[in-house]
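Trainee: Quick check, what structure comes out for this input:
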Amino acid sequence: MKPQTERLSYTTEEACAVTGLNRNALYRAMAAGQLSTFKVGKRRMVSARALREYIEDREKEAAA
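Mentor: Residues are numbered from 1 along each chain as shown. All right, here's what the predicted structure looks like:
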């Protein structure tokens, strides 16, 4: 068996799948500057770090 390696980035569709966010929520967060993204060619990508930070920020807001 191949060891599982951590992904460094995701397409927007993959980011929706791994976070459970729907496409509209993901794009709203991107438009509001709450979620950092980058482009590779024509593909919009989201780093695993940016997803973790976004989720942690939402958790902090919910706890406040």
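Trainee: Residues in contact with the strand ranked longest in the chain: which ones?
Mentor: The strand that spans the most residues within the chain, counting by DSSP state E, is strand 43-47. Here strand 43-47 makes contact (C-beta atoms under 8 Å, 6 or more residues apart in numbering) with 8, 9, 10, 11, 12, 15, 26, 35, 36, 37, 38, 39. Where you see a C-beta, it was placed from the backbone N, CA and C, and this is true even at glycine.
Trainee: quick one: buried residues of it?
Mentor: 44, 45, 46, 47 (16 or more other C-beta atoms under 10 Å).
Trainee: Of the contacts of strand 43-47, grab the buried ones for ChimeraX.
Mentor: Here is the ChimeraX command that picks out the buried ones among the contacts of strand 43-47, judged by 16+ other C-beta under 10 Å:
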select :9,10,12,15,26,35,37
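Trainee: farthest pair in the contacts of strand 43-47?
Mentor: Maximum pairwise distance in the contacts of strand 43-47, criterion C-beta to C-beta, is 17.9 Å, between 8 and 26.
Trainee: Just the ones of the contacts of strand 43-47 in helices?
Mentor: Within the contacts of strand 43-47, residues falling in helices by DSSP state H are 12, 15, 26.
Trainee: Please name the residues that touch the most centrally placed residue in the chain.
Mentor: Most central in the chain under C-alpha atoms, centre = their mean is residue 51, positioned 3.5 Å from the mean C-alpha point. With contact set as C-beta under 8 Å, 6+ apart, residue 51 has these partners: 10, 15, 18, 19, 35.
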